[in-house]
Structure formats: structure tokens, C-alpha cells
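[1] Sequence first, predicted coordinates after that:
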Amino acid sequence: MKYHQIDRDLFIKNRSKFMAQMKPKSVAIFNSNDIYPISADSTMPFAQHRDIFYLSGVDQEESILLLFPDAPYDNQREMLFLKETNEHIAVWEGEKLTKERALAVSGIKTVYWLQDFEKILFEMMTHSDTIYINTNEHYRATVETETREARFVKWWKEKYPAHAVAKSNPILQRIRSVKESEELDLIQQACNITEKGFRRILSFVKPNVMEYEIEAEFIHEFTRNRSKGFAYTPIIASGNSANVLHYIENNQQCKAGDLILLDVGSEYANYSSDMTRTIPVSGKYNDRQKAVYNAVLRVKNEATKMLVPGTLWKQYHIEVGKLMTSELLGLGLIDKADVQNENPEWPAYKKYFMHGTSHHMGLDTHDYGILTEPMQANMVFTVEPGIYIPAEGFGIRLEDDVVIQPTGEPFNLMRNIPIEVDEIESLMNN
């Protein structure tokens, strides 16, 4: 891995939190992701399942974590099962975790090779009544590929039909959404790398540059700072392409006078950052662009202040909608009649700001968190309002990542990334 080793105490704490919420006499199983094929002998780069990483720090394929708080013996409470390494694997694929190295990474003392899993699971099943299975219940999830986790669930249900079934996901949704200090440090590191990439492109962007050239500058800076790359597919959208919310082609020429919407974030140690900035191709915003930009910035700043313990996500978005309505009135994009006659299910402001303002962020860019429950200290949220005006050929979105504090306003993890008009223009014209 490119990143520095994470202190195993984080994973010890995470397992402790999960096991504290398990039912008596229950076992929980977590599987690594598969390495997904492309064609012939080609594969996608391996990306670890965030749940097993969160609980163990193991960042390797073909790994299984078993948790059994009420096991008959202490050495059975936490067990790792790994693909057995050997000299042949070391030559062709590189170093894999040894049992000693797995202990150093995870803090788990009991480590077996994968071929022992079924035998040991059978023994654990004879002492347990319930198994926790790890299904993906994220509100944005769309899963069409059968995962390693899904295959295990099918096999287990056939093998052990008499056991009760419980779900790991509700526990993980809650504990993963509230970050430990070590996690906040890792997310801050991801944000710092994103800052370096953004500052790099501010001096690089000029009229006629291609969007993919900007993308290349980002990935260069991310990789040289120990990141695997983008935390999500980057959006480099110049001109009217910024009005396509999930524009990812990044294949157009950036023309003088246009704006470029950059929705880009680096990952670090599997943790995400999520930044959006909108910059002028020519290094200067015109008066109309500046007016819309500052309107978006005011909404972002005021919306940020609302992210405090106890806030409800749904009500928060209603309040942000009121802020945006006021700004759109000031810009002349809507009028009072539009507001008076609006459909409550699709308010007038939605014509120009049609997406949500904030989502949880962490190991996943759209991270775990139960949106119907009040916000808590040490949750990380994005703040990302935008105004999109196809008729005028540009769209503007601004986004920072913030940590909710026990009291007062949230802490901005992107506080050092330029966002004010004057600073961006100054850096682009040095």
C-alpha cells in the first residue's frame, strides 16, 4: 500500500464498538471484495470492502473476519482468515500478509489460512444461535454484480438453515458515521492532498486546455502524495457541461471566458475527500459569473453553520432551500410569483439547484449514516450547493468537507483550499 500504516488501535476500537452491539451467542462474518474481471486475463484494480477494512485494517483480497464475543475461549473472539502466502505468490504478485504482519496491522492475534475457514466456522456455529450477515443497505446502493459477500450468504444459508439471521449493516451505519480522531486525521490527509492538486491546476489552466489534461494534473499530484488516486470518478466540466450533474467524459476543450466546474477528491488509506470548485478558464470571472459564484458561496457558508448536533437532515435541506430561494430572487433567476405558485414537492429553487446539499463522508464518498436520525459530533458531511444556468452556459458548485463539533460551527477540513474569488484569480494570474 502507498499509505503509511494506520495505528491498529483504531481497528481494535472499531471492533469493540461493533461487538458491543451484537446479540448474545452471535457470530459476525465480513468478507473482502473480489478482484473483478474485465476480459481475457485483465482485472480491475483491487479495492477493499470498506467494512472489513474498518474493522480490521486488512487491505487484501480473499480475507475473512470472524467476530464472536461470546466464544468459549478468548482466542476465538476475533479471527482472521487469509490467503496463504508463499514464494511463488511473492514473486508474481508481491508480498501478502503473513500471520505476524496481520497481527501488526489489525491487532488480531488469531490468524488462520483461508483453507481452515469452513472447519473453524462449523465449530463456531455449534456454539452460537445467530449469525450477522453483511448486506449492502446504503440508500444509494445499486448492486448488479454478485459480490463475494453475497456468495457467502447463499452458501451459509444452505449450510446452516437453523441459525437465526441478523444484519450487520444497521450497526455499521451508526458506528461508521461517527468518526474516531484517527479517522478524522486520515480524512484531513486526503483533503490536504486534494488541496495540493487544486493549487497545481490553478497555475496550469489556460484557454484551450483539454479537460482530460486537468484530470491528469490532479492524478499526478495525488499519486506523488501516497494516494491511490481519485476517491470517485472526477468531474472536469467546462462551459455548459457543468450543467450535467454527473458529467465524467472530461474530453472537451476549455474555452476562454468559460468556467470549469471541478468535482474532484483524492483518497488516502481508503478514506475519501470530496471537493468542488468552479474556476474561470481565463483566470478572471466576469461580473455575472462573479455574482452567481458569490451567491453560491453565501449559501454554502450559511448552510455550513446549520450542521450542528441535533440537526435533522431533511429539515436542514428545507432551510437551505430557503437560503437558495433568496439568492435566486436576488439574481433575477426566479421572481416572487414563482415562489408563491411553487409546488411544495418541487420548489421554485429546484429549477437551478436540483440536488441535495450534504451527505455523510468517510471511508465511502457517500458514507454510511442514517439520515432519519439527528446529526452527532464527529460526523463528517459535505456542503455543496450549486446554481446551474444552461441558458447562460455555465453552472457553479462549491463544496467543502466539514466535521460536526460538540458545540458551535463545524470544523472545515478544506479551510486551506482557495475558494474566495479574489484568491482564485490571484493564484491563476501569478
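    Yes, it's here.

[2] Every contact and neighbour count from this point should use C-alpha atoms.
    Noted.

[3] Just give the number of residues close to the closest residue to Ala150 other than its chain neighbours.
    In space, and not counting its chain neighbours, Ala150 is closest to Thr135: 7.4 Å by Cα to Cα, 6 or more residues apart in numbering. Thr135 is flanked by 15 other residues according to other Cα atoms under 10 Å.

[4] So which residues of the protein form helices?
    Ranges of helices in the chain, per DSSP state H, are 9-19, 50-56, 87-93, 99-106, 117-126, 148-159, 169-177, 181-202, 211-223, 287-305, 313-331, 336-340, 421-428.

[5] deepest of those, which one?
    helix 50-56 (a mean of 23; mean count of other Cα atoms under 10 Å).

[6] Quick one: list the elements packing against that one.
    helix 9-19, strand 26-31, strand 64-67 (3 or more Cα pairs under 8 Å, 6 or more residues apart in numbering; DSSP states H and E).

[7] would CSV of the ones you listed with distance to Leu184 and mean pLDDT be doable?
    Listed next are the helices and strands packed on helix 50-56 as CSV, based on distance: least, Cα to Cα, whole Å; pLDDT from 0 to 100:
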stretch, distance to Leu184, mean pLDDT
helix 9-19, 11, 98
strand 26-31, 24, 98
strand 64-67, 24, 98
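
[8] To Lys196, which of the ones you listed lies closest?
    Comparison of these against Lys196 by Cα to Cα identifies helix 9-19 as nearest, at 26.8 Å.

[9] That closest one relative to helix 99-106, how many degrees between them?
    Comparing the axes of helix 9-19 and helix 99-106 via axes from the mean of the first three to the mean of the last three Cα atoms, to 10 degrees yields an angle of 80 degrees.

[10] and helix 9-19 with helix 169-177, angle?
    Angle, helix 9-19 to helix 169-177, by the same axes, to 10 degrees: 150 degrees.

[11] Only C-alpha atoms, please: export helix 9-19 in PDB.
    The C-alpha trace of helix 9-19 is given here as PDB (Å, rounded to 0.1, in the frame of the first residue of the first chain):
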ATOM      1  CA  ASP A   9      -5.600   0.700  17.900                       C
ATOM      2  CA  LEU A  10      -8.200   2.300  15.600                       C
ATOM      3  CA  PHE A  11      -9.300  -1.100  14.300                       C
ATOM      4  CA  ILE A  12      -9.300  -2.600  17.900                       C
ATOM      5  CA  LYS A  13     -11.700   0.300  18.900                       C
ATOM      6  CA  ASN A  14     -13.900  -0.200  15.900                       C
ATOM      7  CA  ARG A  15     -14.300  -4.000  16.600                       C
ATOM      8  CA  SER A  16     -15.100  -3.300  20.200                       C
ATOM      9  CA  LYS A  17     -17.900  -0.900  19.200                       C
ATOM     10  CA  PHE A  18     -19.400  -3.400  16.800                       C
ATOM     11  CA  MET A  19     -19.200  -6.300  19.200                       C
END
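
[12] So what's the gap between it and the chain middle?
    The chain centroid and the centroid of helix 9-19 are separated by 20 Å under Cα atoms, centre = their mean, to the nearest Å.

[13] which other residues reach that helix?
    With Cα atoms under 8 Å, 6 or more residues apart in numbering as the test, helix 9-19 has contacts from 54-57, 67-69, 106-107, 171-172, 175, 180, 182.

[14] circling back to that earlier point, and the helices and strands packed on helix 50-56: which comes nearest Lys119?
    Nearest to Lys119, of all these, is strand 64-67, at 13.0 Å by Cα to Cα.

[15] So what are the sheet partners of that closest one and their directions?
    Neighbouring strands of strand 64-67 in its sheet, by DSSP bridges, are strand 26-31 (antiparallel), strand 78-82 (antiparallel).

[16] and Glu399, which of the ones you listed is closest to it?
    Ranking the strands paired with strand 64-67 by proximity to Glu399 (Cα to Cα) places strand 26-31 first, at 33.2 Å.

[17] re the thing from before, determine which two of the contacts of helix 9-19 are furthest apart.
    Spatial extent of the contacts of helix 9-19 (Cα to Cα) is set by the pair Phe68 and Glu182 at 25.3 Å.

[18] which residues of the stretch 301-430 of the chain fall in strands?
    Along the stretch 301-430 of the chain, the stretches classed as strands by DSSP state E, counting those that start in this stretch are 380-383, 386-389, 394-397, 400-403, 411-412.

[19] Leaving out chain neighbours, which residue sits closest to Lys196?
    Using Cα to Cα, 6+ apart and skipping the chain neighbours, the partner closest in space to Lys196 is Glu221 (6.8 Å).

[20] low-confidence ranges in the stretch 51-200 of the chain?
    By pLDDT under 70, the weakly predicted segments of the stretch 51-200 of the chain are 87-88, 90-94.

[21] Recalculate using a threshold of 80.
    85-95 (pLDDT under 80).

[22] contacting residues for the most centrally placed residue in the chain?
    Centroid-nearest residue in the chain: Thr365, 1.4 Å away (criterion: Cα atoms, centre = their mean). Listed by Cα under 8 Å, 6+ apart, the contact set of Thr365 reads Ala231, Tyr232, Ser272, Ser273, Asp274.

[23] Just put the helices and strands packed on helix 50-56 in a markdown table and tack on distance to Cys191.
    Listed next are these as a markdown table, based on distance: least, Cα to Cα, whole Å:
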| stretch | distance to Cys191 |
| --- | --- |
| helix 9-19 | 20 |
| strand 26-31 | 29 |
| strand 64-67 | 30 |
